[in-house]
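[1] The following block contains a protein sequence and its predicted model.
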Amino acid sequence: MQTLIGTKKGYIYHLEINRPQQLNTMSSQLFQDFKAVVDIINKTDDIRVVILTGRGKHFCAGLDLKEAPQMFQLPDELDQARKSIRSYDKIKDWQLAMNSLSRIKAPVIVGIQGYCLGGGIDLITSADIRYCTEDAKFSIKEIDIGMAADIGTLQRLGLQNSNASLFRELTYTGRIFNSQEALSLGLINKIVKNDQLNDEIFKLAELIASKSPVACYTIKNIVTRESNLDSQLDVMARTNMALFFTNDMSSAITAFLTKGKPEFPKL
Ligand SMILES: CC/C=C\C=C\CC(=O)SCCNC(=O)CCNC(=O)[C@H](O)C(C)(C)COP(=O)(O)OP(=O)(O)OC[C@H]1O[C@@H](n2cnc3c(N)ncnc32)[C@H](O)[C@@H]1OP(=O)(O)O
């Protein structure tokens with residue numbers, strides 16, 4: 001795999017996002033590699049815990065906005081309905097990729113440092129356990145590219161969040177929030193010192209790996225049956241399939257690439 005590196009250490013499988021020069025942004029290759037790695041891991045019967053980290057300074061700066069215009073592009077000759085159906089299929093495929101961590105049979109621990117933005121949050125919400133460093137920074141940044149987070153965040157983190165008001169503020173504004181706020185939101189379960197992330201998550205992984213893998217498998221099977229998740233994600237895909245063709249989105253992505261300011265017309 002090009003964008004993910006996997007290393008097995010005893011019962012622990014360490015997966016690393018390997019696009020540090022691109023701030024580990026999500027390219028179409030990364031989506032494909034996430035889908036592929038689930039099979040590799042699930043077919044290896046002595047993997048008891050999976051750790052996911054990102055190489056370099058940042059965990060993940062979200063969707064690769066340099067590649068995004070190609071990712072969203074559909075043939076001009078298609079009518080609106082056909083474009084919408086094809087974009088629905090694409091969103092479902094990306095949802096499948098970003099739900100990979102919940103489809104891994106073993107518990108998954110994620111370690112986050114630096115920025116974790118947009119799709120990066122979608123990805124980590126499908127993990128079992130999330131630790132971050134003191135200086136980690138988060139943003140539910142989809143709003144800044146004129147779209148709604150469509151691959152997990154609204155469903156896994158938003159619905160039934162005990163801090164719903166803070167959650168809504170963060171989704172409507174896309175403002176950067178720190179590790180303490182991430183903790184209070186339930187996005188993160190432990191903040192660790194900047195230089196101790198790997199030590200802490202490996203320590204935790206070793207503890208879980210010492211437990212019965214059958215019991216861990218059973219627990220994961222139960223706790224990942226989030227009520228109505230599939231239908232919620234499907235509603236999201238059916239809603240966003242039209243959003244992909246707004247000028248809001250293309251104007252926002254162009255503004256990022258050209259360091260300009262996007263224009264959003266009235267509803
Ligand atoms: C559609 C369904 C699937 C997934 C949907 C996901 C939605 C999202 O993920 S929305 C969020 C998308 N991401 C962003 O909006 C992040 C944009 N980037 C930033 O805000 C900042 O760059 C930063 C990450 C906060 C870092 O800031 P700073 O330290 O000041 O560095 P910069 O000079 O801004 O960036 C360095 C270099 O990296 C490039 N870059 C940064 N982010 C992205 C990105 N997401 N995609 C592509 N490239 C990115 C930036 O353009 C710079 O490149 P240069 O070539 O050096 O100019």
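    Arrived safely. The structure displayed is predicted, hence computed values, not measured ones. Numbers count the residues shown, from 1 in each chain.

[2] ok, and the closest non-adjacent residue to Ile143?
    Using CB to CB, 6 or more residues apart in numbering and skipping residues adjacent in sequence, the residue nearest Ile143 is Gly174, 4.3 Å away. For every residue, glycine as well, the C-beta is placed using N, CA and C.

[3] Specify the local secondary structure of the residue of the chain positioned farthest from its centre.
    Here the chain reaches farthest from its C-alpha mean at Glu77, the gap being 32.5 Å by CA atoms, centre = their mean. Here Glu77 is recorded as coil under DSSP: H, G, I helix; E, B strand; the rest coil.

[4] who touches it in this structure?
    By CB atoms under 8 Å, 6 or more residues apart in numbering, the contact list for Glu77 is empty.

[5] I'd like the distance between it and Lys83.
    From Glu77 across to Lys83, the span is 10 Å (CB to CB, to the nearest Å).

[6] Name the residues of the host helix or strand of Ile40 that come out as buried.
    Using DSSP states H and E, Ile40 sits in helix 28-42. For helix 28-42, the neighbour count (16 or more other CB atoms under 10 Å) marks 28, 30-35, 37-38, 41 as buried.

[7] Among these, pick out the one closest to the ligand, please.
    Nearest to the ligand out of those is Phe31 (CB to the nearest ligand atom; 7.8 Å).

[8] So that closest one is in contact with Gln95, correct?
    No - contact criterion CB atoms under 8 Å: Phe31 and Gln95 do not qualify, at 9.9 Å.

[9] Lys220 reaches Leu101, doesn't it?
    No - using CB under 8 Å, Lys220 is not in contact with Leu101; the gap is 10.6 Å.

[10] What is the helix or strand encompassing Ile253 packed up against?
    Assigned by DSSP H and E, Ile253 belongs to helix 247-258. Contacts defined by 3 or more CB pairs under 8 Å, 6 or more residues apart in numbering; DSSP states H and E place helix 247-258 against helix 68-72.

[11] Name the residues of the helix it packs on that come out as buried.
    Using 16+ other CB under 10 Å, the residues of helix 68-72 that count as buried are 68, 71-72.

[12] Put the alpha carbons of that helix into CSV.
    C-alpha atoms of helix 68-72 as CSV (Å, rounded to 0.1, in the frame of the first residue of the first chain):
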residue,chain,number,x,y,z
ALA,A,68,-10.5,17.3,-4.6
PRO,A,69,-11.6,19.0,-7.8
GLN,A,70,-10.7,15.8,-9.7
MET,A,71,-12.3,13.6,-7.1
PHE,A,72,-15.6,15.4,-7.4
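
[13] Show me what that helix is packed against.
    The contact analysis (3+ CB pairs under 8 Å, 6+ apart) places helix 68-72 against helix 80-98, helix 247-258.

[14] Name the residues that touch stretch 154-164?
    Outside stretch 154-164, the residues within contact range by CB under 8 Å, 6+ apart are 121, 125-126, 148, 167-168, 171, 184-187, 226, 229, 232-233, 236.
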